[in-house]
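Asker: Just need the structure, nothing else, for what follows:
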Amino acid sequence: MSNKNKLRIEIRLDKTDDKELIDFIDKNASTRAGFLKHILIMYKNKMESMQFNENEQAKEVDSEKDHKKLKRINDVSFSSNDFD
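Answerer: This is a model prediction of the structure:
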């Protein structure tokens, strides 16, 4: 990818207040930008996964409601006393 197609994002951290965070990134990452990109990708995937799970749960609830409605209809019983 050429530099023209890349978007630059800047994050400013305070050297004293965010020292632990900066030290952690420097110790555990190959580059600061690479680390932040990796974290953002992980976060994005987690959010998409959570949204997918919510959609699946909503579908299950809807199917359970439909199933319960059908079950109620089928649970109707008749007796010979109901007929003249």
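Asker: Tell me where the model's unsure across this structure.
Answerer: 1, 61-84 (pLDDT under 70).
Asker: all helices for it, in order.
Answerer: Under the criterion DSSP state H, helices of the chain are mapped to 19-28, 32-74.
Asker: closest to residue 5 out of these?
Answerer: helix 32-74 (15.1 Å; C-beta to C-beta). In this view, the C-beta of every residue, glycine as well, is placed from N, C-alpha and C.
Asker: Could you pull up the contacting residues of residue 31?
Answerer: Residues in contact with residue 31 (C-beta atoms under 8 Å, 6 or more residues apart in numbering): none are found.
Asker: Next, the contact list for the spatially most central residue of the chain, please.
Answerer: Central residue of the chain (C-alpha atoms, centre = their mean): residue 50, 2.1 Å from the mean position. Contact partners of residue 50, counting by C-beta under 8 Å, 6+ apart, are absent.
Asker: Next, work out how far apart it and residue 60 are.
Answerer: 16 Å (C-beta to C-beta, to the nearest Å).
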